[in-house]
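Asks: Just a sequence and a predicted model for now, questions to come.
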Amino acid sequence: MGIEEKISQKISEIALDNTSGSSELARRSAVVMLEVLTDIREQASAPVQVLRSPITIFAKELLKAQPKMATLFNLVNRTLLIINSHTVFGDAKAAVEKYIYSFLAIVVSGSDNITQKFQPIINENSVVLVHSYSATVNKVLINIKNNGRNFEIFSTESRPMLEGRKTAQALSNAHIPVTFIVDSGVLFALQRSSMVLFGADAITKEGIVNKIGTALIAIAAKAYNKPCYVLSDSTKFLPSSYKLALEGMRAKEEIWPEASESIVVLNRYFETTPLELFTAVINEYGVLKIPEVKLHLTNLGVSSELCTEL
């Protein structure tokens with residue numbers, strides 16, 4: 001099997017996966033990239049182009065397969081930037097392998113590092129409002145509970161897919177007191193909460209990309225002077241010049257199967273909430289205030305191979 005054929009086969013499996021979270025898909029994609037690197041055998045002194053060409057193919061195929069995941073963009077973009085900083089195959093390959101292992105470390109254990117940064121912020125007997133489902137948020141809260149700190153949770157249902165049930169069950173299983181609320185009851189919960197926690201699908205100059213409903217909760221939290229934190233590792237940050245693919249309309253049957261054809265049913269999963277509505281973004285490196293987030297986004301670059309995708 002040729003390398004291009006292997007790339008297509010592996011990425012087709014990733015493209016068909018619409019149930020795994022971004023962390024799992026990122027882990028799988030990074031492992032596939034390591035396999036591709038292993039298959040590229042050249043003299044160390046060969047020109048770097050022999051590595052750049054197949055990795056560019058891999059990058060573009062992966063972004064077509066899963067166009068809305070910031071973590072996957074960062075994986076391939078950073079890899080191409082590293083390749084472009086070298087002139088010979090051997091040096092570039094070694095540098096890329098080192099980066100991929102560091103990327104995997106963030107994806108696999110980033111939540112543990114975020115726990116260390118966030119734990120001083122959450123006080124004993126705090127009441128925390130969470131929205132939708134975030135593996136990072138859940139893992140951090142469970143870690144803090146296991147470290148001996150007590151707190152309570154309000155969890156939204158998060159329509160239309162009701163993934164808030166998954167959040168509520170996971171936290172309850174960890175012996176954290178949980179109150180489950182309908183989305184329209186969020187103001188009741190917010191008035192009784194100490195803070196709000198969100199995950200993120202992407203962090204961009206336009207704002208935090210997350211489950212629909214995030215913006216309304218953040219606006220209400222601002223009005224009630226409740227701090228809003230985003231817990232997300234650094235792989236979710238997107239360069240200012242890069243635009244995520246727009247989300248298409250989802251099936252109306254998920255909301256109102258019997259709706260008349262004359263009624264437009266608006267069903268979207270995600271929205272972008274302005275950065276100014278959040279108190280800080282907490283990643284594995286620390287607590288970033290919003291001006292620091294904006295500066296970091298501005299300093300991120302896009303490889304020349306992916307600039308054509310913008």
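Replies: All right, it came through fine.
Asks: quick one: what helix or strand has Val281 in it?
Replies: strand 280-283 (DSSP states H and E).
Asks: for that strand, what is the average pLDDT?
Replies: Here strand 280-283 scores 98 as its mean pLDDT.
Asks: Just checking, which helix or strand succeeds that strand along the chain?
Replies: Heading C-terminal from strand 280-283 (DSSP H and E), you reach strand 286-289.
Asks: Run the chain-centre distance for that following strand.
Replies: Distance of strand 286-289 from the chain centroid (CA atoms, centre = their mean, to the nearest Å) equals 17 Å.
Asks: Not counting residues beside it along the chain, what's closest to the most centrally placed residue in the chain?
Replies: Nearest to the mean C-alpha position of the chain, counting by CA atoms, centre = their mean, stands Asp201 at 3.5 Å. Distances taken as CB to CB, 6 or more residues apart in numbering place Val209 nearest to Asp201, at 4.7 Å, with adjacent residues excluded. C-beta coordinates here come from the backbone N, C-alpha and C atoms, glycine included.
Asks: what are the bridge partners for that neighbour, then?
Replies: Going by DSSP bridges, Val209 is paired in beta bridges with Ala202, Thr272.
Asks: How about Phe198?
Replies: Val230.
Asks: okay, now it: neighbour count?
Replies: Counted with other CB atoms under 10 Å, the neighbours of Phe198 add up to 25.
Asks: try Glu247
Replies: With other CB under 10 Å as criterion, Glu247 counts 14.
Asks: From what I see, it and Asn267 are in contact.
Replies: No - counting by CB atoms under 8 Å, Glu247 does not reach Asn267; the two are 10.3 Å apart.
Asks: From what I see, Ile57 and Lys6 are in contact.
Replies: No - contact criterion CB under 8 Å: Ile57 and Lys6 do not qualify, at 10.7 Å.
Asks: shouldn't Asp201 be in contact with Ser22?
Replies: Yes - counting by CB under 8 Å, Ser22 is a contact partner of Asp201 at 6.7 Å.
Asks: Run through the neighbouring helices and strands of the longest helix anywhere in the chain.
Replies: For the chain, the helix with the greatest residue count under DSSP state H is helix 89-118. Contacts defined by 3 or more CB pairs under 8 Å, 6 or more residues apart in numbering; DSSP states H and E place helix 89-118 against helix 22-39, helix 49-65, helix 70-84, helix 135-146, strand 228-231, strand 280-283, strand 286-289.
Asks: CA atoms only for the longest one, dumped as PDB, please.
Replies: Taking only C-alpha atoms (Å, rounded to 0.1, in the frame of the first residue of the first chain), the coordinates of helix 22-39 have been written out as PDB:
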ATOM      1  CA  SER A  22     -12.100  16.300  19.900                       C
ATOM      2  CA  SER A  23      -9.500  14.900  22.400                       C
ATOM      3  CA  GLU A  24     -10.000  11.300  21.100                       C
ATOM      4  CA  LEU A  25     -10.000  12.300  17.500                       C
ATOM      5  CA  ALA A  26      -6.800  14.400  18.100                       C
ATOM      6  CA  ARG A  27      -5.100  11.400  19.800                       C
ATOM      7  CA  ARG A  28      -6.000   9.100  16.900                       C
ATOM      8  CA  SER A  29      -4.900  11.600  14.300                       C
ATOM      9  CA  ALA A  30      -1.600  12.100  16.000                       C
ATOM     10  CA  VAL A  31      -1.000   8.400  16.200                       C
ATOM     11  CA  VAL A  32      -1.800   8.100  12.400                       C
ATOM     12  CA  MET A  33       0.700  10.900  11.700                       C
ATOM     13  CA  LEU A  34       3.400   9.000  13.600                       C
ATOM     14  CA  GLU A  35       2.600   5.900  11.500                       C
ATOM     15  CA  VAL A  36       2.900   8.000   8.300                       C
ATOM     16  CA  LEU A  37       6.300   9.400   9.500                       C
ATOM     17  CA  THR A  38       7.500   5.800  10.100                       C
ATOM     18  CA  ASP A  39       6.600   4.900   6.600                       C
END
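Asks: Now do the helices for the stretch 151-300 of the chain: every range, in order, please.
Replies: 164-173, 186-191, 214-223, 290-299 (DSSP state H, counting those that start in this stretch).
Asks: tell me which residues in the shortest one are buried?
Replies: Which is helix 186-191. For helix 186-191, the buried set under the neighbour-count rule, 16 or more other CB atoms under 10 Å, comprises Val186, Ala189, Leu190.
Asks: Report the contact partners of the second one.
Replies: By CB atoms under 8 Å, 6 or more residues apart in numbering, the contact set of Ala189 is Leu129, Phe154, Thr156, Thr179, Ile181.
Asks: Return the members of those residues classed as buried.
Replies: Using 16+ other CB under 10 Å as the threshold, Leu129, Phe154, Thr156, Ile181 are the buried ones among the contacts of Ala189.
Asks: I'd like the distance between the third one and Ser132.
Replies: When you say that, I think you mean Thr156. Note on Thr156: its distance to Ser132, by CB to CB, to the nearest Å, is 7 Å.
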